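# Starting from these lines, generate the structure:
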Amino acid sequence: MSNIVGIDLGTTLSSIAVLDQIGKPEIISNQDGENITPSVVYWDDEEQIMLVGTQARLALTADPDKGVEEVKKEMGQDSAWEWDGIAHNPEQISSYILKKLIQDAALIKGPIDSAVVTVPANFANEARNATLKAGHLAGIEVSHIINEPTAAALFYATQNTISGNLLVYDLGGGTFDATVARIGKQEVECIASQGDRNLGGKDFDRIIVEWMREKYKSQHGVDLVNEDVTE
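Predicted coordinates:
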């Protein structure tokens with residue numbers, strides 16, 4: 001019997017979950033024993049290897065030009081990365097991450113062929129269609145796509161006895177999203193959901209680094225970043 005899973009295909013980290021026997025979401029660990037998988041793909045043309053997840057992130061630290069991270073920001077756009085002489089678009093890169101999640105989860109839960117995938121609230125139709133295509137390329141059916149903060153609101157509402165209007169925000173590695181939901185006794189109504197795909201933790205990091213760079217340069221006359229350095 002196959003399982004239907006929920007997948008958070010994140011900008012920096014991804015995870016996969018399934019409902020247990022009493023209907024409670026349960027995170028499924030990957031082969032490394034981690035509950036979250038870095039959304040990083042690394043390839044080496046010479047060795048003809050591809051890595052996804054933690055191993056890919058470690059390898060990318062040494063060879064930053066041999067892989068992709070934060071591909072979610074490119075979904076629905078005409079970006080491409082070359083590996084083994086072949087261009088790979090964002091949907092294909094994302095499919096490798098999805099396939100890693102699915103294959104690792106199948107080792108524990110058995111065959112999986114259907115998933116609900118969360119996306120940023122402000123994902124345009126092109127980005128949502130690209131997510132559906134990524135699932136198809138990974139060999140699974142994406143039965144539903146749901147906004148990330150809406151998914152969080154639904155979970156919170158089912159786990160707590162509350163009523164009224166609820167604001168849920170999701171400050172992720174690459175996006176910031178928020179949903180306002182009206183919670184009743186037996187229903188959850190999404191009133192509004194919106195976000196910014198360029199206002200996540202990574203964006204904060206880059207702004208802080210640039211601020212520190214300019215501050216140090218103005219005080220000491222030295223630029224901490226040498227953009228002309230080549231190996």
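
# remind me which residues of this protein are low pLDDT?
Across the chain, the ranges flagged by pLDDT under 70 are 1-2, 186, 227-231.

# Helices of that one, start to end?
With helices called from DSSP state H, the chain shows them at 54-62, 90-109, 125-137, 148-159, 201-220.

# In JSON lines: the ones you listed, plus distance to residue 173.
In short, each C-beta sits where N, CA and C put it, glycine included. JSON lines is the format used below for the helices of the chain (distance: least, Cβ to Cβ, whole Å):
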{"stretch": "helix 54-62", "distance to residue 173": "12"}
{"stretch": "helix 90-109", "distance to residue 173": "13"}
{"stretch": "helix 125-137", "distance to residue 173": "16"}
{"stretch": "helix 148-159", "distance to residue 173": "12"}
{"stretch": "helix 201-220", "distance to residue 173": "5"}
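
# Let me know which of those is the nearest to residue 71.
Closest of the helices of the chain to residue 71 is helix 90-109, at 4.5 Å (criterion: Cβ to Cβ).

# Can you tell me the closest non-neighbouring residue to residue 128?
residue 145 (5.6 Å; Cβ to Cβ, 6 or more residues apart in numbering).

# what is the one you found paired to in the beta sheet?
residue 117 (DSSP bridges).

# Quick one: closest of the helices of the chain to residue 17.
helix 90-109 (8.9 Å).

# what does that closest one rub up against?
By Cβ atoms under 8 Å, 6 or more residues apart in numbering, the residues outside helix 90-109 that reach it are 3, 5, 7, 9, 14-16, 18, 28-31, 37, 39, 41, 50, 52-53, 68, 71-72, 74-77, 79, 81, 112, 115, 130-131, 133-140.
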